[in-house]
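Student: How does the following fold in three dimensions:
(3 chains)
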Amino acid sequence: MTSTDIGFFLAILQAAVNAGTPILYAAVGEVIVERAGVLNLGLDGMMMVGALSGFVMSRATGNPWAGFLAAAIVTAGFSLVHAFVAVILRANQIVSGLALVMLGNGLASFFGTDLAGEVAPHFERFPVPGLSKIPGLGSVLFHHNGAVYLSFVVVAVTGFFLYRTRPGLALQVVGDSPETADAAGIPVLRIRILAVLVGGAMAGLGGAYLSLADTPSWMDRMTAGRGWIAVALVIFSGWDPVRAALGSYLFGGLVALQFRIQALGYSVSVFLLQMVPYLATLGALALTGLRSSIRLSMGAPEALGRPFDREERR
Amino acid sequence: MRLVQRESSSTIRSIAVVLSAVLIAFALGSALFLSLDKNPLEAYLAMARGGFGSGYGLSETLVKTVPLGLCALGIALAGKMGLWNIGAEGQLTMGAIAASWVVLFWKVPDAALLPLAAIAAATAGALWSTIASTLRAWLSTSEILSTLMLNYVAELFLQYLVYGPWKGPDRFPFTVYFPRTAWLSTLGTTRLHSGIVVVVILAVVLHVLLKRTRLGFEIHLTGDSSSASDYAGVPSKRNILLVLAMAGALAGLAGLFEVTGLQHRLQPSVSPGFGYTAIIVAWLARRHMLGCLLVAFLFGGLAVAADELQIVLHIPAGVVLVFQALLFVCVLGAEVFENYEIRWRNA
Amino acid sequence: MTHSNTLTLELKSIRKAFGGVPALCGASFALRAGEIHALLGENGAGKSTLMNVATGIYQPDSGDIAVAGRPVRLTTPRAAKKLGIGMVHQHFHLSRRHTVLDNILLGLPGVSFLPDRRALAGRIRNLADRYGLPVDPEAKVWQLSVGEQQRVEIVKTLIHEARVLILDEPTAVLSPLEAKELFAVLARLKADGCSIIFISHKLDEIKEISDRVTIMRCGETVATVETGSSSTRDLALHMVGREVFLMPTHRERTGDTQRPLLSLSKVTVSNDRGVPALRGVSFDLLSSEILGVAGLSGNGQTELTEILYGLRRPESGTLTLEGAAAPVTMSPREAISRKISFIPADRRMTGTAPGLSIRENLMLKSYREAPYSSRGFLRPDVMAREADRMIGAHDIRCAGQHQLTGTLSGGNLQKVILARELSSDPIIVLAVYPCRGLDVGSIETVRQLLSNARDKGAGVLLVSEDLDEIFALSDRVAVLCGGSMAGPIPVGEIDRVAVGLMMAGVKGRAEGADATRSA
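Tutor: Here you go, the predicted model:
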């Protein structure tokens, strides 16, 4: 392998991290939500809401970080709808999620009509002093913008929270056996609502990354289904935040690869290349089905999607 | 304050619940119009006028009822069995592609062109959904996610074709126009084509199927309790494939009608999201076949109204999308109150 | 056995209804300090509901609760726990995916944000030693046996410093040996000053362990007596309200020689969790017999009947039907066509479809055949007539054949299932816990119907946890324990003690059957 090959390979990895970050935010957020037992399929619509609100706020304040924060807050507010309908009213969670996708896309499209093609202050890359000098890994991981570095922290914090803290354990049991959690005095509904809000905020961050770093600009339907890929990632990462992050980067790699394939001298239609991530997701879903015999370590939280009612006659 | 299970159900309450949801949706929609400094009442009247007020408006509504209705029928049928067909959009696209393929490239007598195109469209839609249904039947893969991924693949395939091998002589991503013999005849000066007859007939046929046949019984049973249906010896794998294939075929036919009845060529966007809107239609109609027709008609009117709003009142068309989604959310929330009531805690 | 007369816990005139259906109609209960107080009643009498009120899970519609003389409001389970009330439920409150330690950690008050798992493991081991309840904090709950899981539940309540311990039907899932161990633990707890409420419907246990008994019937407390001065018969009378006889059914022998209708040979299968459920089970089911399969639930009964009906494939071994040279691959379709009827344990979601009407449920297996359908179309008029006939013949109380079965009571639901399964003159009947949760009248009906089927020549496999039922109905008895089957043995050659021992895995009289205990 020549040094240009290695360089090419590293460039792809670096691009993979960049492309995977929006999905990472959404997926890790969804891991939290589903671990608490709530299915939130509305990610794609939420990312759109985040993308737009982040974009708007960044334009208004001239600071992409303000946009990033606004995206989290606004999208969390938007996810309140799902929290209310799915957790409190106990309606069908699948349908509620679908409705949110449509509502999110519709609202973003509606309020963003005049903004198509506009620009806003976006995140700039900067190398992390010291760490970026590490051969190989340094350029892949530490030559990015601040939002990427934040995502590393988010993944670590989420993993630590879930597996090492008491509230994290409580959240896990809420998703696996809400009756047990309830009997232990844990406020099941409150935790689920909080989880949905946090997941919503993260989805918002993922969307804002698209309009403030990845593209960066505003376009209608700019998620291109990436919210759905995040949903699928949660499943085949086995509901683990670190594996979800790695899966996001894998997907990002596919996206990065598709742009560079032509540089390698293969002439394939752009459209056919763009199919690869979706087909890959489909394949991964099928694979998960095949190895679902390892159910308890990789399996879904046992109460996922089931609304909780203490008084239900069991 | 708690939600407590009700002791009985009543049809009057069901209707009241849906009506109140609609009212809430209208109220929220009004807020949307007000945010644009438009009078909500004016807007709603314009919508009604646009969709149903004139002969032409009505015909346009019926034109939109065809694809919405066909997709919704399939989604509702699958929904009755507990399956979610989110892939109607992609199946519609594949149906349109298959129909175009026959019309543009097959050397067959003129009289056979449209029937063959119809068969091709239905088959393509059915095959497309079968990819997802196979994964569901054998690997328990969520059909929500698989049909959705296939939507994106189908859309990209369409782009590939119209920008690539099937592109017409000029610079734009369209195929050539279909030969006249492959154009559906229309009613008078309107764009209304025979698709409207087909969708009505199919709605009735499916309604009878569900109520009166063995398959209909099995669908109903599986949708109610999968363990009871296994216990009764219902061939669940076969039925999953069959029902999703039917749903795919219906959506494929929707593609046929768009392409031979309206657009008369293949273009980059065959459907403005009919496959997704149809999900809302099927849900609001409670998965009832004839109900799907009615709700599809109303939503068709909404879609036509979007144009009226844009032209007359300068309101962006996206507002209708939002309104549809609001309706969806409101009915969803309101449905809960059919089976549960609020109990206030006593002091 | 000294105990003071102070009331540790008192429930007064508690009323509670669910969706309009009353579960408690003014029940009262008083627990003295340091006593073991049994709560006796039939299924559905309201014992669990009353205790769920005492632990803050359900809110009473009316009535008062007092702890150590002070009136309290138990609005949440946490409130009850703070007052020292702990309960071990029939259905354990454990998260299967997590470890014993994490499960106990969950509800522990005063644990910091970053819990010290090692210290807690030490505390758990200490408690376990003190009361004789061996548990491994690092084990995952799904790997534990039911008896071990119950121990975890007890440790959980003790670690919360419960002074009132409520046990809901604790021996339902234990072998006689494990029950003895539990009683030893309870004695130690009592010596330590705990007050214990012991819910049960088993008279001999209550006689053995309790100081006083409160009997409940139909949501009311009927009487509170000193155990020492009451006989088993007195207690039974209070419980049921009338004299009850459990006589064995008469066996009308037809005189035909019995032939094997179905043969299982060395069948092995794992359950959904990958744990072996059946290990090399072999037996024959004969015509004109009721073969009673005794054993605590969770020992392979579900898997056995699923294999016989075709809902599960054995991993090894064969199933052969009468007259066939080769083993058959069973499926529900196949079973239905061979006139094998199945009365499953889950009446509400498997035996019937709750959103379908009575008529549809009665036709659940016959809708495919003539005269109920022809050429793919159903014949609703023929179905309606047959449904009417069945409803009349089996005295199903309902508002008409269009009523959804989801709204029927347990007894009527079972009647629907029996009407459907037995009307077709089956050759083999698989009945799993058919009388569970039914009132006495319905139980007699079910038993009569099963006997009738046997008298007509069918082979009936009866799976039951109730030894009275097994001995009353069966011609031969087998016992499933840890996936191995002991027997079948003719009922005249075995008694309840032997069966009890076989249920615990002690080597029994069965020739050629391996009854060793599984891990």
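Student: any chance you could map the strands in chain B?
Tutor: B:2-5, B:340-343 (DSSP state E).
Student: Can you classify A:His122 by secondary structure?
Tutor: coil (DSSP: H, G, I helix; E, B strand; the rest coil).
Student: How much space separates it from chain C?
Tutor: To chain C, A:His122 is 37 Å away according to Cβ to the nearest Cβ, to the nearest Å. C-betas here are computed from N, CA, C, even on glycine.
Student: I figured that residue was touching A:Leu212, is that so?
Tutor: Yes. Counting by Cβ atoms under 8 Å, A:His122 does reach A:Leu212; the two are 4.8 Å apart.
Student: circling back to that earlier point, quick one: which of the strands of chain B has the weakest pLDDT on average?
Tutor: The minimum mean pLDDT among the strands of chain B belongs to strand B:2-5 (a mean of 66).
Student: Tell me which residues touch A:Ser139, please.
Tutor: A:Leu10, A:Gln14, A:Ser132 (Cβ atoms under 8 Å, 6 or more residues apart in numbering or on different chains).
Student: so can I have JSON lines of the residues you listed showing neighbour count?
Tutor: Converted to JSON lines, the contacts of A:Ser139 look like this (neighbours: other Cβ atoms under 10 Å in any protein chain shown):
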{"residue": "A:Leu10", "neighbour count": "17"}
{"residue": "A:Gln14", "neighbour count": "18"}
{"residue": "A:Ser132", "neighbour count": "16"}
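Student: burial count for A:Gly199?
Tutor: Using other Cβ atoms under 10 Å in any protein chain shown, A:Gly199 has 31 neighbouring residues.
Student: can you confirm it is in a helix?
Tutor: Yes. Assignment of A:Gly199 by three-state DSSP places it within a helix.
Student: Now do the same contact list for it.
Tutor: A:Gly29, A:Glu30, A:Ile32, A:Val33, A:Asn40, A:Ser79.
Student: and B:Val22, how many neighbours?
Tutor: 15.
Student: what does C:Gly122 give?
Tutor: Neighbour number of C:Gly122 under other Cβ under 10 Å is 12.
Student: Which pLDDT value goes with it?
Tutor: 93.
Student: sec struct for it, please.
Tutor: helix.
Student: Ok, A:Leu107 next?
Tutor: Here A:Leu107 is helix, with the state taken from three-state DSSP.
Student: before we move on, what about the one 10 residues further on?
Tutor: For A:Gly117, the reduced secondary structure class is coil; criterion used: three-state DSSP.
Student: related to what we said a few turns ago, quick one: least confident of the contacts of A:Ser139?
Tutor: A:Ser132 (78).
Student: Tell me the backbone dihedrals of the spatially closest residue to that one that is not a sequence neighbour, please.
Tutor: For A:Ser132, ignoring the flanking residues on the chain, the nearest one in space by Cβ to Cβ, 6 or more residues apart in numbering or on different chains is A:Phe142 at 3.9 Å. Dihedral angles of A:Phe142 (phi, psi; degrees, to the nearest 10) stand at phi -120, psi 20.
Student: quick one: contacts for A:Phe142?
Tutor: A:Pro127, A:Val128, A:Leu131, A:Ser132, A:Ile134, A:Tyr149.
Student: Roughly how far does the fourth one sit from chain B?
Tutor: If you measure A:Ser132 against chain B using Cβ to the nearest Cβ, the figure is 35 Å.
Student: list the contacts for that residue?
Tutor: A:Gly138, A:Ser139, A:Phe142, A:His143.
Student: That one - that's part of a helix, no?
Tutor: Yes. Assessed by three-state DSSP, A:Ser132 belongs to a helix.
Student: For the closest residue to B:Ala118 other than its chain neighbours, give me its contacts.
Tutor: Excluding the flanking residues, the one nearest B:Ala118 by Cβ to Cβ, 6+ apart is B:Leu256, at 5.5 Å. Residues in contact with B:Leu256 (Cβ under 8 Å, 6+ apart) are B:Gly95, B:Ala96, B:Ala99, B:Ala117, B:Ala118, B:Ala121, B:Ala122.
Student: The same query, at a cut-off of 6 Å, please.
Tutor: B:Gly95, B:Ala99, B:Ala118, B:Ala121 (Cβ atoms under 6 Å, 6 or more residues apart in numbering or on different chains).
Student: what does A:Gln258 give?
Tutor: A:Leu273, A:Val276.
Student: Quick check: the gap between it and A:Val17.
Tutor: 16 Å (Cβ to Cβ, to the nearest Å).
Student: How about A:Ala11?
Tutor: On the measure of Cβ to Cβ, A:Ala11 and A:Val17 end up 11 Å apart.
Student: Between those two, which is the more surrounded one?
Tutor: A:Val17 (23 against 15).
Student: give the contact list for the closest residue to that one other than its chain neighbours.
Tutor: Nearest residue to A:Val17, sequence neighbours excluded (Cβ to Cβ, 6+ apart): A:Tyr249, at 5.8 Å. Applying Cβ under 6 Å, 6+ apart to A:Tyr249 gives the contacts A:Ala16, A:Val17, A:Gly20.
Student: Wait, a helix at A:Tyr249?
Tutor: Yes. Under three-state DSSP, A:Tyr249 sits within a helix.
Student: So for it, what pLDDT did the model give?
Tutor: pLDDT, A:Tyr249: 94.
Student: ok, it to A:Met102 distance?
Tutor: For A:Tyr249 relative to A:Met102 (Cβ to Cβ), the value is 29 Å.
Student: same thing with B:Gln263?
Tutor: Counting by Cβ to Cβ, the gap from B:Gln263 to A:Met102 is 24 Å.
Student: Between these two, which is the more surrounded one?
Tutor: Using other Cβ under 10 Å as the criterion, B:Gln263 and A:Met102 rank with A:Met102 on top: 24 against 18.
Student: my read: the more buried one touches B:Phe323, true?
Tutor: No. Contact criterion Cβ atoms under 6 Å: A:Met102 and B:Phe323 do not qualify, at 10.6 Å.
Student: Helices of chain A, start to end?
Tutor: Ranges of helices in chain A, per DSSP state H, are A:3-35, A:43-61, A:64-82, A:93-111, A:137-141, A:146-164, A:166-176, A:178-183, A:188-209, A:226-236, A:241-260, A:270-290, A:295-298.
Student: shaky segments in the chain?
Tutor: Let's take chain A. A:1-3, A:291-299, A:310-314 (pLDDT under 70).
Student: To clarify, I was referring to chain C.
Tutor: For chain C, the ranges with pLDDT under 70 are C:1-5, C:43-44, C:240-256, C:273, C:501, C:504-519.
Student: tell me which parts of it are close to chain B?
Tutor: Proximity of chain C to chain B (Cβ under 6 Å from any Cβ of the partner chain) is limited to residues C:19-20, C:332-333, C:336, C:349-350, C:353, C:355-356, C:364-365, C:367, C:373, C:376-378.
Student: In contact with the residue nearest to B:His220 when sequence neighbours are not counted, which residues?
Tutor: In space, and not counting its chain neighbours, B:His220 is closest to B:Lys80: 6.5 Å by Cβ to Cβ, 6+ apart. By Cβ under 6 Å, 6+ apart, B:Lys80 lies in contact with B:Ile219, B:Gly223, B:Arg287.
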